[in-house]
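Chemist: One predicted model, sequence on top.
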Amino acid sequence: MKVKYFAWVRERVGKAEETVEPPASVRTVDDLIAWLARRGEAYAHAFETPRVIRAAIDHAHVKPDTMIAGAREIAFFPPMTGG
Amino acid sequence: MATPVTIRIQQADFDIAQEIAALTKGRTDIGAVVSFSGICRGSEGGEAIAALTLEHYPGMAEAEIARHADTAMSRWPLTGLSVIHRVGRIIPGENIVLVLTASQHRQAAFEAAEFLMDYLKANAPFWKREESAAGTSWVDAQHHDDAAAARWTKS
């Protein structure tokens, strides 16, 4: 699946998007955050406070316990500050 | 006739009068247009701001605005609606966002414009980065923005 990062999550990870293949044990958005956070220092820094990270699956906001099966694109970003 | 809806995300500035004219041209069913524009301030918390840079999530930003536009049209008898949100570098005094709501009577237009802005601030995927003498930093989300959006939730 494709993963996208925005704002300071993108800056900390050091890339805007990538394709990842998490193991089957990674079932929810929360699981994916925990799995990504173990990929290295940059990821650990980006995801050090999971409760502030917002997520979207295929362009729709989702909660941390949402299952990720079937997702084409998952995005992670900080709370929004537009308008 | 379907309610005309304009949603644009663009780097360029917009002309408020031109956008209102585009919304109302040739129409006789509009009795009220409410316009909200968000403008870049020159200071925040007493500190001077040189510029804001707006980042967005292409695709989702449009979808999220469209979703809220649909909700607004289902809750109020709107006869037209425009949302324009700028991205990129914006300096103090420049426009950031425009919401226009048109209706036969003012109350629906006022309420729908406020609803849309509250929802866009809390839910549309845009992020502001501030440039000041101290360097650049991402703007923190305000809890009162979430509270402002939450008050529209039907109990």
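Modeler: Happy to help now that I have it.
Chemist: Please make it C-alpha for all contacts and neighbour counts, starting now.
Modeler: Noted.
Chemist: list the contacts for A:V13?
Modeler: Taking Cα atoms under 8 Å, 6 or more residues apart in numbering or on different chains, we find A:V13 in contact with A:Y5, A:A42, A:Y43, A:H45, A:A46.
Chemist: thought the fourth one was touching A:R12?
Modeler: What that stands for is A:H45. Yes. Distance between A:H45 and A:R12: 6.6 Å, which falls inside the contact criterion (Cα atoms under 8 Å).
Chemist: Please say which of these two ends up with more neighbours.
Modeler: The residue with more neighbours, out of A:H45 and A:R12, is A:R12; 17 against 13, by other Cα atoms under 10 Å in any protein chain shown.
Chemist: Next up, the contacts around that one.
Modeler: Applying Cα under 8 Å, 6+ apart, the residues near A:R12 are A:A42, A:Y43, A:H45, A:A46.
Chemist: Recalculate using a threshold of 10 Å.
Modeler: Neighbour list for A:R12: A:Y5, A:F6, A:E41, A:A42, A:Y43, A:A44, A:H45, A:A46, A:F47 [criterion: Cα atoms under 10 Å, 6 or more residues apart in numbering or on different chains].
Chemist: same deal with B:T3?
Modeler: Residues in contact with B:T3, defined by Cα under 10 Å, 6+ apart, are B:D70, B:M73, B:P77, B:L78, B:T79, B:G80, B:L81, B:A102.
Chemist: CSV please, covering these and showing neighbour count and distance to B:L52.
Modeler: Putting those into CSV (neighbours: other Cα atoms under 10 Å in any protein chain shown; distance: Cα to Cα, whole Å) gives the following:
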residue, neighbour count, distance to B:L52
B:D70, 14, 29
B:M73, 18, 31
B:P77, 17, 35
B:L78, 22, 32
B:T79, 24, 33
B:G80, 22, 30
B:L81, 27, 26
B:A102, 29, 30
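Chemist: near chain A at all, stretch B:123-133?
Modeler: Yes. Applying Cα under 10 Å from any Cα of the partner chain, one finds stretch B:123-133 in contact with chain A at B:N123, B:A124, B:P125, B:F126, B:W127, B:K128, B:R129.
Chemist: typed the wrong thing, it's stretch B:79-94
Modeler: Yes. Using Cα under 10 Å from any Cα, stretch B:79-94 comes into contact with chain A via B:I84, B:H85, B:R86, B:V87.
Chemist: Could you list the buried residues of that stretch?
Modeler: Taking 16 or more other Cα atoms under 10 Å in any protein chain shown as the neighbour-count basis, stretch B:79-94 is seen to contain the buried residues B:79-87, B:89-92, B:94.
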